[in-house]
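S.K.: Sequence unavailable; structure follows:
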């Protein structure tokens, strides 16, 4: 008899959370004890969490330390090669229904570039490269906490906007599975510097907001306890809130998100006809039956080494093309999951900077100019 998959009863976002913690454990970024705790908060059972990890490969053994008196010359770090110019349209980077190994091999041919195309200029906007932080007191930006009505609760958010009366286009920002962190707040301010009213929605609003959660393991518990529809409802409420602001162009709204938030960006695009564009970073696919409802132009961003997420590329690409959706993807060579997060272990400066530039170009084309 075939063993029953312990993840089979999870929704696609719960499964994503569990698989991410398993991957962190296997890569040595999370201890077994911590991984068990996090997985158990999603699955509701320590015994089931133990079953999940029991079937996984253990983390790699630490690399041996060089002998104290070794005369071998230390390796010299080589910077990632940067191509001078990318094609105007990103070519397909994976063949139909490839294996994960084929995805990796093909991805090494992806364009990693300082793109020469200049985004549509906006008066007073100063685009900020990835990794260049924007302080909360930047004189060109107004930023701070906001609340707005949701479905049966007040939703907490972090809003950043350019100084001035506007009206400005707007971008919704979806956070990772760690909640509304400083990194996500900074991304929001970077968007404000580029000329957008940016709103990061806190999916832990029912718990009083990310800042009120003292045990990080309770964040996946809260995210997994809510249905995907409920979580997407927070973003739909954020879009309604933005449309009600006098300084927002109501018909010029986009969305971006990272990791878990990349998945929420996909799901919100399925549910909201108000989104002109969406840029999910390494996010899990939405239910494919919802793809016909997408009206946003989607730029999907991936890292070559993120095989867990990349395994879903062929399916979403086929669904988007089959339904005649505006869709492009970029796979960055040498980059792993969460490569844009400049506070994390997987930060890849070259890929992050180029991906951010491509993100701003996409929004300039489909939000400002769409």
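M.R.: Alright, I've got the coordinates. Please read these numbers as outputs of a predicted model, since none were measured by experiment.
S.K.: So what pairs up with the residue nearest in space to the middle of the chain in the strands?
M.R.: When C-alpha atoms, centre = their mean is applied to the chain, the residue found nearest the centroid is residue 258 (1.2 Å). Beta-bridge partners for residue 258, by DSSP bridges, are residue 281.
S.K.: does it really touch residue 174, like I thought?
M.R.: Yes. Using C-beta atoms under 8 Å, residue 258 is in contact with residue 174, at 7.2 Å. In short, each C-beta sits where N, CA and C put it, glycine included.
S.K.: Check what pLDDT the residue nearest to the centre of the chain gets.
M.R.: The per-residue pLDDT reported for residue 258 equals 98.
S.K.: same question, residue 27
M.R.: 86.
S.K.: What of residue 129?
M.R.: On the pLDDT scale, residue 129 is placed at 70.
S.K.: Relative to residue 198, how far out is the closest residue to it other than its chain neighbours?
M.R.: Closest residue to residue 129 apart from its sequence neighbours, by C-beta to C-beta, 6 or more residues apart in numbering: residue 353 at 4.9 Å. From residue 353 over to residue 198 the distance is 19 Å, taken as C-beta to C-beta, to the nearest Å.
S.K.: The two: who's more crowded?
M.R.: The neighbour count for residue 353 versus residue 198, taken as other C-beta atoms under 10 Å, is higher for residue 198 (31 against 19).
S.K.: How many neighbouring residues does the nearest residue to that one once chain neighbours are set aside have?
M.R.: Excluding its sequence neighbours, the residue lying closest to residue 198 (C-beta to C-beta, 6+ apart) is residue 191, at 3.7 Å. Other residues within reach of residue 191, judged by other C-beta under 10 Å, total 33.
S.K.: now residue 191, what's its secondary structure?
M.R.: Secondary structure, DSSP: H, G, I helix; E, B strand; the rest coil: residue 191 is helix.
S.K.: Please work out which helix or strand belonging to the protein has the smallest mean pLDDT.
M.R.: Within the chain, no helix or strand scores below helix 100-107, which has a mean of 37 by mean pLDDT, DSSP states H and E.
S.K.: do you know how far the residue nearest to residue 28 when sequence neighbours are not counted is from residue 142?
M.R.: The shortest distance from residue 28 to any residue other than its chain neighbours is 3.9 Å, reached at residue 59 (C-beta to C-beta, 6+ apart). Going from residue 59 to residue 142 by C-beta to C-beta gives 45 Å.
S.K.: ok, back up a step: wait, what's in contact with the residue nearest to the centre of the chain?
M.R.: Contacts for residue 258 were tallied using C-beta atoms under 8 Å, 6 or more residues apart in numbering; they are 174, 175, 176, 184, 187, 281, 282, 283, 338, 340, 341.
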